[in-house]
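Asks: please find the sequence and the predicted model below.
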Amino acid sequence: MAITQIKITVLSFIAITALWVFGACGTPASAQPPQQPDVLFLSIDDLNDWIGPLSGHPQALTPNLDRLAKRAVVFTDAHCQAPICNPSRISLLTGKLPSSTGIYYLSPHIRKCETTRQAVTLPQYFSKHGYKTVGVGKTFHTEGPAEFDLYGGKFGGMGPRQKQNLNCDHVHPLWDWGPLDVADDAMPDHQITDWAIEQIQQPSDEPRFMAVGFYRPHVPLYVPEKWFKPFPLETIQLPPVPADDLADIPEIGQDLSWSAVAPRHDWFLQHPDQWKRAVQAYLASIYFVDHQVGRLLDALDKSRRSNDTIIVLWSDHGFHLGTKQRWGKRSLWADSTRVPLMISTPGQKQSARCDQPVGLIDLFPTLTQLCHLPAKPGLDGHSLVPLLRNPSQDWPHPAITQFGPGNTAIRSRDWALIQYNDQSRELYRRGKDPGEFKNLATDSGQQGIISQLQQHLPAKSLPLAPGSAHLDARPGSPVDIDGEPNFDKMWGKRRSK
């Protein structure tokens with residue numbers, strides 16, 4: 001009996017000692033890694049601030065983006081790092097500025113450039129750290145299958161095409177707009193959503209990173225006719241475009257070759273009915289893609305992981321519809337660089353707004369931190385987790401956008417500096433002049449502000465990577481991407497019905 005008591009006493013002592021030791025060391029409780037949340041990574045191509053949470057256009061209808069905003073931090077001053085698809089997406093997905101890769105234009109693609117050929121992209125990084133990565137639609141500009149563990153496809157990309165353009169017969173076949181006589185399920189974005197919903201409904205033993213990339217409102221601005229009905233043509237409101245808006249803009253900023261094959265604003269002034277039709281089609285395209293976002297949110301809310309999923313919604317760049325007398329993207333003005341960005345974290349029940357300038361490049365470090373992954377060294381961005389915790393806290397990092405070597409926009413909370421490679425500049429006081437109508441760069445009283453903003457210019461800027469071109473190098477393209485196309489001559493070939 002005494003021996004038994006001694007054994008019990010010894011065992012009790014060992015147990016107590018073990019508990020004390022493990023407790024003092026923070027284990028076993030902290031030895032268990034925090035549960036890793038799923039990530040739903042939603043991208044919408046060419047979406048500017050014409051959404052409810054950003055109030056970019058009074059007629060925009062985005063009930064599902066509004067719904068997401070109610071449980072997310074809305075970054076009201078988010079900017080892309082390049083105002084065109086390929087370099088913007090490469091920057092986000094590698095965490096590197098265009099000046100760090102030499103990729104500023106639509107080519108070269110990520111695996112065709114020496115600086116990014118072996119880059120570990122955001123989904124690959126998650127895959128290396130235990131996540132199942134799933135992709136569908138357009139997340140990368142061209143790549144897809146090799147970047148994910150499972151890739152669902154593009155489902156036709158830009159969607160149904162017409163034998164003859166509906167409203168604009170132009171050298172580039174994508175530039176057109178108008179309603180289609182098809183059902184929703186004929187559209188790639190609807191099919192992309194169907195596939196993504198099937199994946200959401202399938203249980204997974206691994207945490208999951210799911211990237212869903214929508215194509216609208218990229219041109220051609222085609223969606224089924226029913227999405228046009230809330231926007232009667234006679235009610236369409238056009239954005240404000242002062243006639244003398246470019247009078248104080250440097251010559252390089254007015255260079256229309258930046259716009260590549262986009263329509264010229266003079267053409268829309270000559271055909272104001274087409275300006276209204278294009279704005280109507282853009283609003284209808286946004287309304288259509290908003291519906292697809294809603295279908296995804298419905299599926300997620302019904303799933304087992306609804307309370308353990310981070311939702312990130314972003315666009316790759318903004319879009320001009322006449323603002324700054326420009327169409328499309330490809331400028332360093334805010335209408336081209338500002339993007340929707342919303343982040344919803346598990347357990348978040350209320351909305352918040354963050355007005356600090358941030359960049360898409362900040363998403364790589366943000367998501368690795370939120371998902372308890374090791375920080376990836378060498379990234380050019382900054383984790384937004386401090387702003388998710390306190391959206392009003394100080395933020396010393398401006399948003400940087402680049403379009404070609406030496407052409408850079410620096411946006412702080414109060415100022416926007418655009419510096420071109422010929423050293424000409426634009427300067428705007430953002431709070432008082434959100435439309436960037438009055439260039440203050442030649443004001444002698446603002447030289448101190450310019451000098452402060454110039455401190456944030458990248459110290460090193462790589463030249464254009466080999467194979468760089470403004471336009472897509474697609475076989476059979478009517479555009480000579482190797483030379484210097486005469487874009488105005490091209491627009492002499494257009495006609496309007």
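Replies: Perfect, I can see it now.
Asks: which strand or helix spans residue 379?
Replies: Under the criterion DSSP states H and E, no helix or strand holds residue 379.
Asks: where's it relative to residue 249, distance?
Replies: In this view, residue 379 and residue 249 are 33 Å apart by C-beta to C-beta, to the nearest Å. Yep, even glycine has a C-beta here, placed from its N, CA and C like the rest.
Asks: mind listing what's buried in stretch 102-111?
Replies: For stretch 102-111, a neighbour-count test (16 or more other C-beta atoms under 10 Å) marks 102-110 as buried.
Asks: okay, those in a markdown table with distance to residue 348, secondary structure and pLDDT next?
Replies: Below are these laid out as a markdown table (distance: C-beta to C-beta, whole Å; DSSP: H, G, I helix; E, B strand; the rest coil; pLDDT from 0 to 100):
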| residue | distance to residue 348 | secondary structure | pLDDT |
| --- | --- | --- | --- |
| 102 | 38 | coil | 98 |
| 103 | 34 | coil | 97 |
| 104 | 36 | coil | 97 |
| 105 | 38 | coil | 95 |
| 106 | 36 | coil | 93 |
| 107 | 39 | strand | 93 |
| 108 | 39 | coil | 94 |
| 109 | 36 | coil | 94 |
| 110 | 32 | helix | 95 |
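Asks: out of those, which is nearest to residue 277?
Replies: For the buried residues of stretch 102-111, the minimum distance to residue 277 (C-beta to C-beta) is 26.5 Å, reached by residue 106.
Asks: looking at it, that closest one is touching residue 85, isn't it?
Replies: Yes - in this structure, residue 106 is within contact of residue 85 by C-beta atoms under 8 Å, at 6.9 Å.
Asks: find residues that contact each of these two.
Replies: Common contact partners of residue 106 and residue 85 (C-beta atoms under 8 Å, 6 or more residues apart in numbering): residue 141.
Asks: flag the helix or strand of this structure with the lowest per-element mean pLDDT.
Replies: When the helices and strands of the chain are scored by mean pLDDT, DSSP states H and E, strand 495-496 comes last with a mean of 36.
Asks: for residue 288, pull up the helix or strand it's in.
Replies: Taking DSSP H and E as the definition, residue 288 sits inside helix 272-302.
Asks: of all the residues in that helix, which ones are buried?
Replies: 274-294, 296-297, 299-300.
Asks: residues in contact with residue 357?
Replies: Applying C-beta under 8 Å, 6+ apart to residue 357 gives the contacts 77-79, 395, 397-399, 411-413.
Asks: how about it: what's its closest non-neighbour residue?
Replies: If the residues on either side of it in the chain are set aside, residue 357 comes closest to residue 399, at 4.1 Å by C-beta to C-beta, 6 or more residues apart in numbering.
Asks: could you measure from the one you found over to residue 169?
Replies: As judged by C-beta to C-beta, residue 399 and residue 169 stand 38 Å apart.
Asks: higher neighbour count, these two?
Replies: Per other C-beta atoms under 10 Å, whichever of residue 399 and residue 169 has more neighbours is residue 399, with 26 against 15.
Asks: so how far is residue 278 from the more buried one?
Replies: Relative to residue 278, and taking C-beta to C-beta, residue 399 is found at 28 Å.
Asks: cool, and residue 184?
Replies: When distance is defined by C-beta to C-beta, residue 184 is 22 Å away from residue 278.
Asks: try residue 137
Replies: 24 Å.
Asks: and residue 290, by the same measure?
Replies: Using C-beta to C-beta, residue 290 is found at 19 Å from residue 278.
Asks: the residue nearest to residue 357 and residue 339, how far apart?
Replies: Per C-beta to C-beta, residue 399 is found 10 Å from residue 339.
Asks: one more: residue 351?
Replies: As defined by C-beta to C-beta, residue 351 lies at a distance of 18 Å from residue 339.
Asks: comparing the two, which residue is more hemmed in?
Replies: Per other C-beta under 10 Å, whichever of residue 351 and residue 339 has more neighbours is residue 339, with 27 against 16.
Asks: just the pLDDT at residue 9, thanks.
Replies: With respect to pLDDT, residue 9 scores 43.
Asks: again with residue 491
Replies: Here, the pLDDT recorded for residue 491 equals 42.
Asks: what are the phi and psi values for residue 313?
Replies: Main-chain torsions, residue 313, degrees, to the nearest 10: phi -120, psi 130.
Asks: tell me, how many residues neighbour residue 326?
Replies: Neighbour count for residue 326, taken as other C-beta under 10 Å: 26.
Asks: so it makes contact with residue 263?
Replies: No - with contacts counted by C-beta under 8 Å, residue 326 stays clear of residue 263, the gap being 9.7 Å.
Asks: related to what we said a few turns ago, starting at the chain centroid, how far to the helix holding residue 288?
Replies: 16 Å (C-alpha atoms, centre = their mean, to the nearest Å).
Asks: what pairs with the helix or strand containing residue 312, parallel or antiparallel?
Replies: Using DSSP H and E, residue 312 sits within strand 309-315. Paired neighbours of strand 309-315 in the sheet (DSSP bridges): strand 38-44 (parallel), strand 341-344 (antiparallel).
Asks: including mean neighbour count and distance to residue 58, could those go into JSON lines?
Replies: As requested, the strands paired with strand 309-315 are exported to JSON lines (neighbours: other C-beta atoms under 10 Å; distance: least, C-beta to C-beta, whole Å):
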{"stretch": "strand 38-44", "mean neighbour count": "24", "distance to residue 58": "20"}
{"stretch": "strand 341-344", "mean neighbour count": "24", "distance to residue 58": "20"}
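Asks: got the ones you listed as JSON lines, with mean pLDDT and distance to residue 133 columns?
Replies: Formatted as JSON lines, those follow (pLDDT from 0 to 100; distance: least, C-beta to C-beta, whole Å):
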{"stretch": "strand 38-44", "mean pLDDT": "98", "distance to residue 133": "9"}
{"stretch": "strand 341-344", "mean pLDDT": "98", "distance to residue 133": "19"}
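Asks: one step back: what do residue 399 and residue 339 both touch?
Replies: 78-79.
Asks: where in the chain is pLDDT low?
Replies: In the predicted model, the chain carries pLDDT under 70 at residues 1-34, 170-171, 471-497.
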